[in-house]
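>>> Just the structure for this:
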Amino acid sequence: MRVDARGFTFEVTTGGPPDGVPVLLLHGFPQHSGEWDEVVPALHQAGLRTYALDQRGYSPGARPTAVADYRIPELVADVVAVLDALGLDAVHLVGHDWGAIVAWAVAAGHAERVRTLTAVSVPHPAAMAHALAHDSQQKARSSYIALFRKPDKAEKVLLAWHATALRKLLGGVGDGSRVDRYAGPMREPGALTAALNWYRAMSRSDLAAVGPVAVPTTYVWSDRDVAIGRTAAEACAGNVTGDYRFVQLDGVSHWIPDAAPGPLAEAILARAGATA
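Below is the predicted model:
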């Protein structure tokens with residue numbers, strides 16, 4: 001379905017019982033709402049209604065060109081506006097990768113709209129800041145961001161030779177058809193630039209503005225995540241004042257919704273089920 005909000009048109013994939021308690025799912029880079037396809041059946045079976053949003057830059061009808069249009073406050077405002085347009089007062093909020101950053105910020109700034117939070121792979125921004133300041137390994141893990149923030153160069157590197165580098169980046173999601181599913185849309189004109197603008201608009205001040213989270217929260221991290229190390233993962237607890245659970249998935253890559261949809265669904269249901 002299409003949802004009009006803030007002058008844009010967002011693509012939203014819905015499923016589950018129409019009267020089910022709502023769950024909003026936010027994808028990461030460089031994917032789209034389809035990354036939740038193997039997670040949501042278990043949520044539907046449990047009676048939850050899911051809304052998987054193609055966020056700003058990923059929905060073709062919500063693709064502004066200015067880098068500043070992709071700052072975290074804009075991404076958060078999109079989520080709140082989409083909830084308003086859908087008539088949803090409060091949801092169980094789930095986010096992976098960049099979607100997790102947005103979810104942390106929504107939960108911190110708009111707690112009244114969030115029943116529970118399940119953040120996947122990426123911890124609270126303050127936990128990342130702590131790791132980057134104190135852990136040389138995390139600095140190394142995050143070094144790719146410097147390339148992503150370079151206009152034109154990042155696009156050229158990632159899309160060269162039939163998007164070989166982009167496809168390699170997505171290697172952990174599964175077989176070639178699954179890689180194609182995500183890489184294909186990023187090869188459309190303007191799509192990859194819009195997705196990379198999330199990195200280019202990122203600032204220390206916007207990240208620092210994400211305060212502690214008081215809603216019931218689960219953070220799901222995998223020990224084979226090449227982007228997020230243990231220091232950042234374990235620092236996450238210090239930024240949640242509500243009930244907090246840390247779920248570690250062993251032997252799983254960064255791409256948890258694709259690589260371990262069953263365990264992830266269990267973690268979401270364990271969190272959402274307590275207050276559904």
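>>> Which of the three states applies to V226?
Under the three-state scheme (DSSP: H, G, I helix; E, B strand; the rest coil), V226 adopts coil.
>>> how deep is it tucked in, by neighbour count?
11 (other Cβ atoms under 10 Å). C-beta here means a position set from N, CA and C on the backbone, and glycine is covered the same way.
>>> Next up, the contacts around it.
141, 253-254 (Cβ atoms under 8 Å, 6 or more residues apart in numbering).
>>> List only those of these flagged as buried.
Buried members of those, scored by 16 or more other Cβ atoms under 10 Å, are 141, 253-254.
>>> Hmm, I72 and M202 touching each other?
Yes - between M202 and I72 there is a contact under Cβ atoms under 8 Å: 7.3 Å.
>>> quick one: which of those two has more around it?
I72 (24 against 19).
>>> how near is the more buried one to G184?
In this view, I72 and G184 are 27 Å apart by Cβ to Cβ, to the nearest Å.
>>> can you check V215 too?
For V215 relative to G184 (Cβ to Cβ), the value is 35 Å.
>>> number of nearby residues for G176?
G176 sits with 10 neighbouring residues when counted by other Cβ under 10 Å.
>>> mean confidence score for the single longest helix found in the chain?
Across the chain, the longest stretch assigned as helix under DSSP state H is helix 153-169. Averaging pLDDT along helix 153-169 gives 97.
>>> Compute the first-to-last residue distance for stretch 50-59.
Stretch 50-59 has an end-to-end distance of 18 Å (Cα to Cα, to the nearest Å).
>>> re earlier: determine which member of V215 and G184 has the greater number of neighbouring residues.
For V215 versus G184, neighbours defined as other Cβ under 10 Å are more numerous around V215 (23 against 11).
>>> give the contact list for that one.
Per Cβ under 8 Å, 6+ apart, neighbours of V215: 107, 111, 114-117, 242.
>>> Give me the buried entries from these.
For the contacts of V215, buried by 16+ other Cβ under 10 Å: 107, 114-117.
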